[in-house]
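Asks: Have a look; sequence and predicted model below, questions after that.
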Amino acid sequence: MTNIQRVTVLGTGVLGSQIAYQTAFSGFEVVAYDINDEVLEKARTRFDGLASTYVADSVAGAADGKAQEALGRVRFSSDLADAVKDADLVIEAIPEILDLKKTTYAELGKLAPAHTIFATNSSTLLPSDIKDSTGRPDKFLALHFANQIWKFNTAEIMGTADTDPAVFDSVVEFASAIGMVPIPIHKEKAGYVLNSLLVPFLNAAAELAADGYAEPADVDNTWRIATGAPMGPFQILDVIGLTTPYNIMSHGDENTKRFAEWIKTEYIDKGYLGIATGRGFYTYTK
Ligand code: NAD
């Protein structure tokens, strides 16, 4: 049982809308905050789309009215003070720009009740990069979801040295309460668990193909057959979409930059961006 009851999500983009909707779907009252009413209008459409997706993906209970009921538990607000006034937990999913996050937390720290916990969904920033701007480092940590959280339901929880262990534990309980598998991380690590494993794995696969050692399909075959894994690295890249891995690789060392260039010229420049475009390393039919 979690002591967190009222949740506010900042940002209604790709991840923020999923986090807010999944939380409402799990029975919590949620406030979805974004910068203005125009963005919130788009968010309503996004939330309606999620309700349909939950039904289409046969999420338990979705087709029996739960998907629609969840929409009734979401309140939209473009006024930050109003959005957070009753929050036990604020989950932040605004753009991955450090200065924007810091300014937002500075404002949030002044407006939210003293007991409110703040959690960032940041993928690449460490919570200690942000904690001082919150004004309450003991009540701040990272709660990191994966895209399509109703299917890929890990929630990586990572505090700083200042995070109160009781706060950490209550966020672990909350993550379970909204249907996630909580992954507690005991000290700060860029990339959390998942990306600490996945990024080197995908880089190794890119090296094999970009440097001409083996075809992508044969790399995938090797991985699937020899380990029993359901997908190989190039299938995973197609699911992620090639643009994000390209961006990550372009910021790496000389080798990873070379792999990024290969992905760009052979795939991205030809419009092969992954499953979303019907073609990436593989071709997909709807
Ligand atoms: P996005 O661009 O889709 O959405 C960002 C939203 O934040 C937009 O609706 C925007 O209007 C809003 N916003 C901008 N400034 C704001 C402010 N000051 N206050 C409140 N809202 C504001 O971004 P996203 O992909 O949802 O990513 C959000 C966060 O989630 C990032 O930190 C990212 O690292 C993390 N994340 C993303 C993914 C992913 O697959 N997209 C996965 C895990 C974590």
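Replies: Right, received. Where do you want to start?

Asks: doesn't residue 274 make contact with residue 240?
Replies: Yes: Residue 240 lies in contact with residue 274 (C-beta atoms under 8 Å); the separation is 6.8 Å. Every residue, glycine included, has its C-beta placed from N, CA and C.

Asks: Compare the two (neighbour count), which wins?
Replies: Using other C-beta atoms under 10 Å as the criterion, residue 240 and residue 274 rank with residue 274 on top: 24 against 18.

Asks: Enumerate every residue touching the closest residue to that one other than its chain neighbours.
Replies: Counting by C-beta to C-beta, 6 or more residues apart in numbering, residue 274 lies nearest to residue 280, which is 3.8 Å off, once chain neighbours are set aside. For residue 280, the contact set (C-beta atoms under 8 Å, 6 or more residues apart in numbering) comprises 234, 237-238, 241-242, 267, 272-274.

Asks: cutoff 10 Å now
Replies: Listed by C-beta atoms under 10 Å, 6 or more residues apart in numbering, the contact set of residue 280 reads 216, 234-235, 237-242, 263, 267-268, 272-274.

Asks: What are the boundaries of the strands in the stretch 51-200 of the chain?
Replies: Taking DSSP state E, counting those that start in this stretch as the test, the strands found in the stretch 51-200 of the chain are 74-77, 89-92, 117-120, 140-145, 154-159, 181-185.

Asks: Please name whichever of those strands is nearest to the ligand.
Replies: Closest to the ligand of the strands of the stretch 51-200 of the chain, according to C-beta to the nearest ligand atom: strand 140-145, at 5.7 Å.

Asks: What average pLDDT does that closest one get?
Replies: Taken as a whole, strand 140-145 has an average pLDDT of 98.

Asks: Spatially, which residue comes closest to the closest residue to the ligand within the chain, not counting chain neighbours?
Replies: The nearest approach of the chain to the ligand comes at residue 13, 1.7 Å away (C-beta to the nearest ligand atom). Nearest in space to residue 13, with sequence neighbours left out and distances taken as C-beta to C-beta, 6+ apart, is residue 93 at 6.7 Å.

Asks: burial count for the one you found?
Replies: Under the neighbour criterion other C-beta under 10 Å, residue 93 is assigned a count of 23.

Asks: Can you give me the separation between the nearest residue to residue 121 once chain neighbours are set aside and residue 21?
Replies: Leaving aside its chain neighbours, residue 121 sits nearest to residue 93 (4.4 Å; criterion: C-beta to C-beta, 6+ apart). As defined by C-beta to C-beta, to the nearest Å, residue 93 lies at a distance of 12 Å from residue 21.

Asks: Now the common contact residues for those two.
Replies: 9, 12.

Asks: Around the ligand, which positions in the stretch 51-200 of the chain sit nearby?
Replies: 93-96, 100, 104, 121-123, 145, 147 (C-beta under 6 Å from any ligand atom).

Asks: Please identify which pair of those residues lies farthest apart.
Replies: 104 and 147 (21.5 Å; C-beta to C-beta).

Asks: With neighbour numbers in mind, choose between the two.
Replies: A count of neighbours by other C-beta under 10 Å puts residue 104 above the other of residue 104 and residue 147, at 23 against 14.

Asks: For the residue nearest to that one when sequence neighbours are not counted, give me its contacts.
Replies: Leaving aside its sequence neighbours, residue 104 sits nearest to residue 94 (C-beta to C-beta, 6+ apart; 6.0 Å). Contacts for residue 94 (C-beta under 10 Å, 6+ apart) come out as 9-13, 15-16, 33-35, 100-101, 104-105, 120-122.

Asks: for this protein, which helix is longest?
Replies: helix 37-56 (DSSP state H).

Asks: which helices and strands does that helix pack with?
Replies: Secondary-structure packing of helix 37-56 (3 or more C-beta pairs under 10 Å, 6 or more residues apart in numbering; DSSP states H and E): helix 14-25, strand 29-33, helix 66-72, strand 74-77.

Asks: Which among those is found nearest to residue 209?
Replies: Closest among the helices and strands packed on helix 37-56, using C-beta to C-beta: helix 14-25, at 28.0 Å.
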